[in-house]
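Visitor: model this:
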Amino acid sequence: MLAPRVAAPLAGVALAIALYPGTWGLDTMARGLGPGFWPRLALIGLALACVAKFVEEWRRARAGAIVTAGGDARPPISHAKLAAGIGLIMLYVLLAPYVGFPLVTALFIATFMVLCGTRSVRAVVANVVVGTVGLLYLFVKLVYLPLPKGDGPFETLTLALYRALRLF
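Guide: Numbers count the residues shown, from 1 in each chain. Model (predicted):
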């Protein structure tokens, strides 16, 4: 009964470990944070998430709380919300070059949180500000990644925000 529930997390850990050596050769292409950094970070994140899921399932089994197939306590998946979330991600990718990373990211975070059921305006605003500014500092200041600035007035707005945040 426990084996099927822990097989996927263990397979995820094994996959991350198996793919990790493939990232070593990527760093010969650049100095500093090279191209291998992000794949390694993603694989480490995958392994940690799978270990956490494994521990959760193992604890649930030890406590005798494994729910039978007919009595799942989770609410059903809302296919409309799932489709809206996928559409929102696609819209984010399509709008980023035209609207610019900061504005489209702020709108994405706010819309996604509301879609997921967040009702607190303070929570949404706090996540928008901290998330957007944090990502800007991470990508522009730390990683030196050129982000889409947008076109026309959006580029002007993005550059003004960059100057206000002293990103350049």
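Visitor: got the contact list for the closest residue to residue 150 other than its chain neighbours?
Guide: In space, residue 150 comes closest to residue 100 once its chain neighbours are excluded; the distance is 2.9 Å by Cβ to Cβ, 6 or more residues apart in numbering. (Each C-beta comes from the backbone N, C-alpha and C, glycine too.) Contact analysis of residue 100 by Cβ atoms under 8 Å, 6 or more residues apart in numbering lists 147-150, 154-155, 157-158.
Visitor: And residue 116, by the same measure?
Guide: Listed by Cβ under 8 Å, 6+ apart, the contact partners of residue 116 are residue 81.
Visitor: again, but for residue 11
Guide: Residue 11 sits next to residue 50 when contact means Cβ under 8 Å, 6+ apart.
Visitor: Next one: it from residue 163, what distance?
Guide: Residue 11 is 48 Å from residue 163, where distance means Cβ to Cβ, to the nearest Å.
Visitor: next one: residue 39
Guide: Taking Cβ to Cβ, one finds residue 39 at 33 Å from residue 163.
Visitor: So between these two, which is more surrounded?
Guide: The residue with more neighbours, out of residue 39 and residue 163, is residue 39; 14 against 10, by other Cβ atoms under 10 Å.
Visitor: from the contacts of residue 100, which would you call buried?
Guide: Buried subset of those (neighbour count, 16 or more other Cβ atoms under 10 Å): 147-150, 154, 157-158.
Visitor: Just the ones in strands from these, please.
Guide: In strands, defined here by DSSP state E, there are no members of these.
Visitor: so can I have TSV of the residues you listed showing pLDDT?
Guide: TSV is the format used below for the buried ones among the contacts of residue 100 (pLDDT from 0 to 100):
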residue	pLDDT
147	89
148	91
149	94
150	94
154	95
157	95
158	94
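Visitor: out of those residues, which one sits closest to residue 78?
Guide: Here the nearest of the buried ones among the contacts of residue 100 to residue 78, counting by Cβ to Cβ, is residue 148; it sits at 30.9 Å.
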